[in-house]
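# okay, here's the prediction I keep looking at, along with the sequence it came from:
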Amino acid sequence: MTGCARASWRRIGPLAIGGAALLAAASACRRVQDAAGGRGAPGAPPVLTVAAFAPATPERGRAAIDAYGCGACHMIPGVDGAVGLVGPPLVAWSRRTVIAGELSNTPENLVRWIRYPQLVEPGTAMPNLGVTDRDARAISAYLATLR
């Protein structure tokens, strides 16, 4: 279930399990995201910039993405072999407004999510991988280049 669908489920509850009700709730959630800059909406300004993660560099981030095996679960532009379909594709990350349907896409929240996904959203499919603060900042710097 996507972040929007999960958030919508919490709002509408199990009595509205019908597909039309869930689709309507997910559509409403998407309209809210679009109004806030969208999740990768064409032409939307970046929410994140590489400078926010200095002194981390995107090059180090790409290497950390490879070292932690992020591409096993995510499709990540510019990272060889990162074609996973378990987690969401990380395209246009710098323009997204929400992380995991739970958090605003800010530098602090992105680093926190990468380091401790199970604390942010218990039970999420994303495992705690023991990512260091330095590596999480570098990974975030790389994600900030994805427009």
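It's in. Since the structure is predicted, the reported quantities are computational estimates derived from the model, not experimental observations.

# in the chain, which helix or strand is least confident?
One helix or strand of the chain scores below all others by mean pLDDT, DSSP states H and E: helix 3-12, with a mean of 40.

# who are the packing partners of whatever helix or strand residue 112 lives in?
Under the criterion of DSSP states H and E, residue 112 resides in helix 107-115. Counting contacts by 3 or more Cβ pairs under 8 Å, 6 or more residues apart in numbering; DSSP states H and E, helix 107-115 packs against strand 98-99, strand 103-104, helix 117-120, helix 133-143. (C-beta placed from N, C-alpha, C; glycine too.)

# for it, which residues meet the burial criterion?
Using 16 or more other Cβ atoms under 10 Å as the test for burial, helix 107-115 gives 107, 109-115.

# and what of stretch 59-71?
Buried, per 16+ other Cβ under 10 Å, within stretch 59-71: 60-65, 68, 70-71.

# which one of the residues you listed is nearest residue 95?
Of all these, residue 61 has the smallest distance to residue 95: 17.3 Å, by Cβ to Cβ.

# surely residue 57 touches residue 137?
No - Residue 57 lies out of contact with residue 137 (Cβ atoms under 8 Å); the separation is 9.5 Å.

# more neighbours, these two?
Comparing residue 57 with residue 137 by neighbour count (other Cβ atoms under 10 Å), the higher total belongs to residue 137, at 24 against 15.

# re earlier: of the buried residues of stretch 59-71, which belong to helices?
The helices, defined by DSSP state H, take in 60-65, 68 from the buried residues of stretch 59-71.

# count residues in the vicinity of the residue lying closest to residue 94 once chain neighbours are set aside, would you?
Spatial nearest neighbour of residue 94, chain neighbours left out: residue 46 (4.0 Å); criterion: Cβ to Cβ, 6 or more residues apart in numbering. Residue 46: 18 surrounding residues under other Cβ under 10 Å.

# would you mind putting the buried residues of stretch 59-71 into a markdown table with pLDDT and distance to residue 91 alongside?
Converted to a markdown table, the buried residues of stretch 59-71 look like this (pLDDT from 0 to 100; distance: Cβ to Cβ, whole Å):
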| residue | pLDDT | distance to residue 91 |
| --- | --- | --- |
| 60 | 98 | 21 |
| 61 | 98 | 15 |
| 62 | 98 | 15 |
| 63 | 98 | 20 |
| 64 | 98 | 19 |
| 65 | 98 | 14 |
| 68 | 98 | 19 |
| 70 | 98 | 14 |
| 71 | 98 | 13 |
